[in-house]
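Engineer: starting from these lines, generate the structure:
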Amino acid sequence: MWTSLGPHGMQVSALAIDRSNPKTIYVGADYQGVFKSTNSGASWTLLKVDNRPNAGVTIRAIAIDRFNPNIIYAGASDCLYKTTDAGADWDRVAMPRAGTIHTLAIDPSNSSVIYAAGRRGVFKSKDGGASWLPAKSGLRDMHVYSLAIDPSTTNILYASTCEIEAADISKSGANVVYKSTDGAASWNAISNAASNATRVWPGDLVIDPRNTNVLYAGSSERGLFKSTNGGATWDPIQVCKTSTPVRAVAIDPSTSGTVYAAVFRVGIFKSIDDGASWVQIDSDMTNKRVTVLAVDPVNSGIIYAGTLAAGVFKTTNGGNHWEPTNGEVNKTAVHGVVVDPLNTNILYAAGEGGVFKSSDKGVSWVSSCNGLVESFVLAVAMDPSNNRTLYAATGEGVYKTTDGGANWAESNIGLTSKLVKAITIDPSNPRVVYAGAFREGVFKSTNGGASWMAVSQAIMTPMRNDVHAIAVDPSNSANVYVASNQGLYKSTNGGATWDEASSGLPNPYIAAIAIDPSKPGTIYAGLSEGVFKSTNGGADWSDTNDGIERGAVIQSNAIAIDRSSPGTVYAGSRNKGLFKSVNGGQSWSQILGGTSSDRMNLGIASLTIDPRDPALIYAGTQGNSVVKIRSK
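Structural biologist: Numbering: from 1, shown residues only. Down below sits the predicted model:
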């Protein structure tokens, strides 16, 4: 059996209010799907896609048909869904391969006309989603993040885009705004020099409904821009002293001149003079990582703010006071769990709300983030010689605590990338720590994180490798393994040199790695094709998927070996539940995910075994926080 624990929080990617009944709200979330409230957020219901709970589905965009609010579209990470009964039942919409759908727009004068846009440009349907055609002439190879339709002249559309070089995201092209005057048949770039300086990721693009020549466009590195002539020219707007990035923008539909802008990690700002001046209005919000803003179309004092890690907040007085309005909508993604070996009641969870700590085996949790400037935590590791010392891999580098999580301090000297995705401590020498950085490979510290040096330039920097997991051989700490999106690498001298160790693996994208503590040279690797095993230190690999459901995608930290019984191995998948082997991977049985009610598409991101009770497993999930599993 399994039990869903905390901590709570959630990454909200989309929020839509029913114009005909503003008490009805839909929220799209990463790894959790679509939630619905019919009482202004007082309570929420998880809806279903394809006759199953759609937890595990990442929803990026939601659009409601204004003429028939029972019709709703939800853009996902891999497809488009449609419901005609207000979310009771959903169907996958057949359309060309559009990739991740970031934005949806329905023609306000003819709801049969729908636009869906994302990683592969813009697509258009003229028959309520029954058929689709590309509508991206002139866009070049642009990723589209926001679409806006001129409500007075619906053939006019605007698209906020970004051109990305696949080899190196840090060299991405400029955020460019495009305009179409013929219903997306053709597009032309309309950004001037000011908005072309807006690099990397675009934010919201919105049109003032009272004067459709006025547009606001957010960006990731240059703040907010405004145009008063239909996009012909743009001027930067100073929202605050550090007004970057602006992720969300909303215009009050009832009060002239009132605009809201969310500056990521800083807070929500309000202008009552068309953006000329701003005041911050979020003094009592506990999370400033706002991703979505929506104003009630009937009562403009009601505003909803979706956050990256704390669900939905609501104000009923124009921002003077905010309260969380979450219920079950606020379970977070957890990327890693650590059990204190000296006191197994104590757990630490690394997730999209920061680091959380439990002193009662997960029954209750408290935030353990004092000193962390970034609440996006991808991994946490405990010093095996001192249970009060932990390291956290975050979106702003490595942080270290020496008092059990009460306080954290930055530990980034020598790191050239702040986005750290993996952290591993040498079990034989805890002063040695390895960190895997986004696009920058592996870094090593020999002084407990006081300073770092790059140790993988020769194999990783030219390929811009993305490190997913690092493992140090407990029997010989000179042997270090790195799982990356370009293969599996091995060092036999503590990172001084590296060799590829991927022979026999079907896919260079290696997500997980685990070393058998009792059998030197025995290693398990997790891929999108399941689990593979090597018995000679990575020289050769063999498929060990007998009993693992076809299509199971193994995640970065989701292979765990029972140290008390090394033939017992667990593998957690993003989409097929949890599997167990008692014979070193020769065969597997499914212990979680056999039924739809049991599986719930948990999206297992990490696995940790209780060192004193090895039948007890903690799973960090992509949308259901920490799940406790009792293995038989």
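
Engineer: which residues in the stretch 301-450 of the chain form strands?
Structural biologist: All strands of the stretch 301-450 of the chain, identified by DSSP state E, counting those that start in this stretch, fall at 303-307, 312-315, 323-324, 334-339, 347-351, 354-358, 366-367, 377-382, 390-394, 397-401, 409-410, 420-425, 433-437, 441-445.

Engineer: of those strands, which is nearest residue 288?
Structural biologist: With C-beta to C-beta, the closest approach to residue 288 among the strands of the stretch 301-450 of the chain belongs to strand 303-307: 8.0 Å. Backbone N, C-alpha and C define where each C-beta goes, glycine included.

Engineer: neighbouring strands for that closest one, and are they parallel or not?
Structural biologist: Under the criterion DSSP bridges, strand 303-307 sits next to strand 290-295 (antiparallel), strand 312-315 (antiparallel) in its sheet.

Engineer: rounded mean pLDDT for the last one, please.
Structural biologist: In this case it means strand 312-315. What strand 312-315 shows for mean pLDDT is 91.

Engineer: likewise stretch 610-624?
Structural biologist: The pLDDT scores in stretch 610-624 average 88.

Engineer: do stretch 32-44 as well
Structural biologist: Stretch 32-44 carries an average pLDDT of 88.

Engineer: again with stretch 545-562
Structural biologist: 84.

Engineer: show the end-to-end separation of that stretch, please.
Structural biologist: End-to-end distance for stretch 545-562: 18 Å, by C-alpha to C-alpha, to the nearest Å.

Engineer: before we move on, what about stretch 548-561?
Structural biologist: Using C-alpha to C-alpha, one end of stretch 548-561 lies 16 Å from the other.

Engineer: over to stretch 553-569?
Structural biologist: Stretch 553-569 has an end-to-end distance of 16 Å (C-alpha to C-alpha).

Engineer: buried sites along it?
Structural biologist: Neighbour counts using 16 or more other C-beta atoms under 10 Å place 553, 554, 555, 556, 557, 558, 559, 560, 561, 562, 568, 569 of stretch 553-569 among the buried residues.

Engineer: dump the residues you listed to CSV, plus distance to residue 405 and secondary structure.
Structural biologist: Formatted as CSV, the buried residues of stretch 553-569 follow (distance: C-beta to C-beta, whole Å; DSSP: H, G, I helix; E, B strand; the rest coil):
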residue, distance to residue 405, secondary structure
553, 31, coil
554, 28, strand
555, 24, strand
556, 22, strand
557, 19, strand
558, 23, strand
559, 25, strand
560, 22, strand
561, 26, strand
562, 26, coil
568, 30, coil
569, 29, strand
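
Engineer: could those be laid out in a markdown table, adding distance to residue 209?
Structural biologist: A markdown table is the format used below for the buried residues of stretch 553-569 (distance: C-beta to C-beta, whole Å):
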| residue | distance to residue 209 |
| --- | --- |
| 553 | 43 |
| 554 | 48 |
| 555 | 43 |
| 556 | 44 |
| 557 | 46 |
| 558 | 47 |
| 559 | 52 |
| 560 | 53 |
| 561 | 59 |
| 562 | 60 |
| 568 | 61 |
| 569 | 58 |
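
Engineer: residue 148: neighbour count?
Structural biologist: Counted with other C-beta atoms under 10 Å, residues neighbouring residue 148 total 22.

Engineer: what of residue 610?
Structural biologist: Neighbours of residue 610 under the rule other C-beta under 10 Å: 16.

Engineer: relative to residue 617, which of the strands of the stretch 301-450 of the chain is closest?
Structural biologist: strand 334-339 (9.5 Å).

Engineer: can you redo the strands paired with strand 303-307 as JSON lines with mean neighbour count and distance to residue 58?
Structural biologist: Formatted as JSON lines, these follow (neighbours: other C-beta atoms under 10 Å; distance: least, C-beta to C-beta, whole Å):
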{"stretch": "strand 290-295", "mean neighbour count": "23", "distance to residue 58": "13"}
{"stretch": "strand 312-315", "mean neighbour count": "23", "distance to residue 58": "17"}
